[in-house]
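>>> sequence? don't have it. structure:
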Ligand SMILES: NC(=O)C1=CN([C@@H]2O[C@H](COP(=O)(O)OP(=O)(O)OC[C@H]3O[C@@H](n4cnc5c(N)ncnc54)[C@H](OP(=O)(O)O)[C@@H]3O)[C@@H](O)[C@H]2O)C=CC1
Ligand SMILES: O=C1Nc2ccccc2C1=O
């Protein structure tokens, strides 16, 4: 029998048995295995905050194209409806709900929505972020500090604590935070925002260490300037977008899609030994 053979022949014997016993023709099986592999996130469930526009929307589309069931959210019902309709029309498995990540009851609703159709949650991508202030850091009111730190830093941690049991049920998972190069290279007049993005780098490291024994990986992406509505308010800053363009190595501003592939990779099993990393997506900035 196969058991009496040396290990190398034993393996070969089992392989040949598998080929003989299967009723599926070899060519079909090879094709379907390839097809499954190309959808690296097949049957996984992803919750993505701040995902009805910009970077979050691009990530939602990419994860869904790679086979994930995606739950999107943002503060405005109209934005959620539009984004869900657009992605469903593309044949993608996407649902959504209103969720202001800074509100506990909204986070509860998001978790409930994710569990409505699926038995667990595999990925959390925290994209939602705010920057209501262009001005002096020390001139910022307590309200502004609370808002920026509440939405950008506290909310990802609190949402993850709510999702954690459902990730543990799946035997592991992957979390991706969205920081900014402003974490490393402070942008003038955005001090509170810069600080919140630096805090996210630390949050990533701490959570990665805490959750590693549970098989949950935590990484962050650190985007440079990406062309979205978010940066419109910064038109008042003492630089132009083309100034910034010059300092980035690849000589162009980023597109939301530039942030999507790396998130999909970090969620996939190809990244199964990567945790606690902060990965810059900025076309190379020599000043970093
Ligand atoms: N664009 C850039 O150059 C860079 C952006 N980033 C970061 O990327 C993230 C996304 O930015 P970007 O895609 O550019 O921005 P956009 O303005 O294009 O999109 C922001 C999205 O987040 C939603 N949103 C805003 N506030 C909340 C909230 N409190 N709760 C839930 N959803 C919310 C918005 O929808 P709604 O209005 O319906 O809530 C929208 O869907 C931010 O964290 C930002 O700091 C980092 C580096 C560079
Ligand atoms: O809000 C931001 N404005 C920026 C300008 C250049 C690079 C990053 C950012 C941000 O994160």
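Ah, there it is. Since the structure is predicted, the reported quantities are computational estimates derived from the model, not experimental observations. Numbers count the residues shown, from 1 in each chain. Ligands and ions are numbered 1, 2, ... in the order given.
>>> How about the contacts made by the residue in the chain that ligand 2 sits nearest to?
Closest residue of the chain to ligand 2, Cβ to the nearest ligand atom: residue 180 (3.2 Å). All C-beta atoms are positioned from the backbone trio N, CA, C, and that covers glycine. Applying Cβ atoms under 8 Å, 6 or more residues apart in numbering, we find residue 180 in contact with 129, 193-194, 197, 222-223.
>>> who's in contact with the closest residue to residue 131 other than its chain neighbours?
The shortest distance from residue 131 to any non-neighbouring residue, by Cβ to Cβ, 6 or more residues apart in numbering, is to residue 193 (4.3 Å). For residue 193, the contact set (Cβ under 8 Å, 6+ apart) comprises 131, 133, 148, 152, 180, 182, 187.
>>> Recalculate using a threshold of 10 Å.
Contact partners of residue 193, counting by Cβ atoms under 10 Å, 6 or more residues apart in numbering, are 129-134, 137, 140, 144, 148-149, 152, 180, 182-183, 186-187, 234.
>>> Mind checking which of these are buried?
Among those, those classed as buried by 16 or more other Cβ atoms under 10 Å are 129-131, 133, 137, 140, 144, 148-149, 152, 180, 182-183, 186-187, 234.
>>> Those residues: which ones sit near ligand 1?
Subset of the buried ones among the contacts of residue 193 in contact with ligand 1: 129-130, 180, counting by Cβ under 6 Å from any ligand atom.
>>> Take these and keep only those in strands.
Members of these lying in strands (criterion: DSSP state E): none.
>>> These into a markdown table, with extra columns for pLDDT?
As requested, those are arranged in a markdown table below (pLDDT from 0 to 100):
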| residue | pLDDT |
| --- | --- |
| 129 | 98 |
| 130 | 97 |
| 180 | 97 |
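>>> Which parts of the stretch 101-250 of the chain are strands?
123-126, 173-178, 216-223 (DSSP state E, counting those that start in this stretch).
>>> Select, out of those, the one closest to ligand 1.
For the strands of the stretch 101-250 of the chain, the distance to ligand 1 is smallest for strand 216-223, at 3.8 Å, taking Cβ to the nearest ligand atom.
>>> For the residue of the chain closest to ligand 2, what are phi and psi?
When quoted as degrees, to the nearest 10, the phi and psi of residue 180 stand at phi -170, psi 150.
>>> wouldn't residue 203 be in contact with residue 219 here?
No. Using Cβ atoms under 10 Å, residue 203 is not in contact with residue 219; the gap is 11.4 Å.
>>> What residues does the stretch 51-200 of the chain have near ligand 1?
The stretch 51-200 of the chain comes close to ligand 1 at residues 51-56, 74-76, 79, 99-102, 127-130, 151, 178, 180, as judged by Cβ under 6 Å from any ligand atom.
>>> Among those, name the ones in helices.
Judged by DSSP state H, those include 54-56, 79 as members of helices.
>>> Ligand 1: which of those residues is nearest?
Nearest to ligand 1, judged by Cβ to the nearest ligand atom, of those is residue 54 at 2.2 Å.
>>> Quick check: closest non-adjacent residue to the closest one.
Among residues not flanking residue 54 along the chain, residue 228 sits closest, at 3.6 Å (Cβ to Cβ, 6+ apart).
>>> ditto for residue 149
In space, residue 149 is closest to residue 196, 5.6 Å off (Cβ to Cβ, 6+ apart).
>>> And residue 58, by the same measure?
Nearest to residue 58 is residue 256, by Cβ to Cβ, 6+ apart, at 3.7 Å.
>>> Ok, residue 224 next?
Computed as Cβ to Cβ, 6+ apart, the closest residue to residue 224 that is not its neighbour in sequence is residue 282, at 2.7 Å.
>>> wait, what's in contact with that neighbour?
Each residue near residue 282 by Cβ under 10 Å, 6+ apart is listed here: 180-181, 184-185, 221-226, 247-250, 253-254, 258, 288.
>>> please redo it, this time with the cut-off set to 8 Å
The contact partners of residue 282, taken as Cβ under 8 Å, 6+ apart, are 181, 222-225, 248, 254, 288.
>>> Just the buried ones from those residues, in ChimeraX syntax?
In ChimeraX syntax, the buried subset of the contacts of residue 282 is picked out as below (16+ other Cβ under 10 Å):
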select :181,222,223,224,225,248,254
